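Q: got a sequence here, can you model it:
(chains A and B)
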Amino acid sequence: GQSLEQPSEVTAVEGAIVQINCTYQTSGFYGLSWYQQHDGGAPTFLSYNALDGLEETGRFSSFLSRSDSYGYLLLQELQMKDSASYFCAVRGANTGFQKLVFGTGTRLLVSP
Amino acid sequence: GAGVSQSPSNKVTEKGKDVELRCDPISGHTALYWYRQRLGQGLEFLIYFQGNSAPDKSGLPSDRFSAERTGESVSTLTIQRTQQEDSAVYLCASSLDDRNYGYTFGSGTRLTVV
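A: Below is the predicted model of the structure:
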């Protein structure tokens, strides 16, 4: 089967930089995605990496290393509103690649 | 519509009753997905539709769960003879097609079985 591992919780202060790691196991691979979910809210799409390297979107960047089955989400200049849960998700051949399989999520707590 | 709409937003039901959860995807989105999220947990895949066919039902937990979709529009998830372990938030998402990696989620239906 497939599995994704993320830290359960990360804490940081406003203005800092935080990295949320994700390792995955899947047969075949069609990309790693990241979603943000505030408490009681809907998950929202942040980024997608199909190829190795860094993708930057404003304060958020996402990295992928396919050879290491590893990726991370980098959040810079943290703001209080970044407190949320962050999920990595994969599309892989053994998941039926038309659907995303999500990790268990990392809860980010940003303090003043 | 502008976003994915789910109804009801909250549903409290008695154990053993049937419930229907509705999802109205973004207009033009041919792929539609149902996920379940228990409190503090990740998203558990249930079923997906491409158009009105369901190529992957592998996540449905039991035969008490079923779903249908009318054309490329509204989908209904039905849970029969609800059990307390069915209590969760049921999230619906849509995307342009089933090869598109960007899902748009609805706000979910919070189901509580008492």
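
Q: can you pull the buried residues of stretch A:64-80?
A: A:64, A:69, A:71-73, A:75, A:78 (16 or more other Cβ atoms under 10 Å in any protein chain shown). In this view, the C-beta of every residue, glycine as well, is placed from N, C-alpha and C.

Q: neighbouring contacts of it?
A: Applying Cβ atoms under 8 Å, 6 or more residues apart in numbering or on different chains, the external contacts of stretch A:64-80 come out as A:12-26, A:29, A:32, A:34, A:46-47, A:49-53, A:59-63, A:82, A:86, A:88, A:108, A:110, A:112.

Q: ok so, going back, can you tell me which of the buried residues of stretch A:64-80 is nearest chain B?
A: In terms of Cβ to the nearest Cβ, no member of these lies closer to chain B than residue A:64, at 12.7 Å.

Q: if we ignore the residues flanking it in sequence, what's nearest that closest one?
A: Excluding the flanking residues, the one nearest residue A:64 by Cβ to Cβ, 6 or more residues apart in numbering or on different chains is residue A:49, at 3.7 Å.

Q: residue B:69 versus the one you found, what's the distance?
A: As judged by Cβ to Cβ, to the nearest Å, residue A:49 and residue B:69 stand 30 Å apart.

Q: can you name the residues that contact residue 17?
A: Went with chain A since none was named. Counting by Cβ under 8 Å, 6+ apart, residue A:17 makes contact with A:74-78.

Q: I was thinking of chain B, sorry if that wasn't clear
A: Listed by Cβ under 8 Å, 6+ apart, the contact set of residue B:17 reads B:81-82.

Q: so what pLDDT did it get?
A: Note for residue B:17: predicted pLDDT of 98.

Q: phi, psi of it?
A: Main-chain torsions, residue B:17, degrees, to the nearest 10: phi -80, psi 160.

Q: please apply the same query to residue A:81.
A: Taking degrees, to the nearest 10, you get phi -70, psi -10 for the backbone angles of residue A:81.

Q: same check, this time on residue A:79
A: With angles defined as degrees, to the nearest 10, residue A:79 sits at phi -120, psi 160.

Q: show the pLDDT at it.
A: Predicted confidence (pLDDT) for residue A:79: 97.

Q: roughly how far apart are it and residue B:25?
A: Taken as Cβ to Cβ, the span from residue A:79 to residue B:25 is 31 Å.
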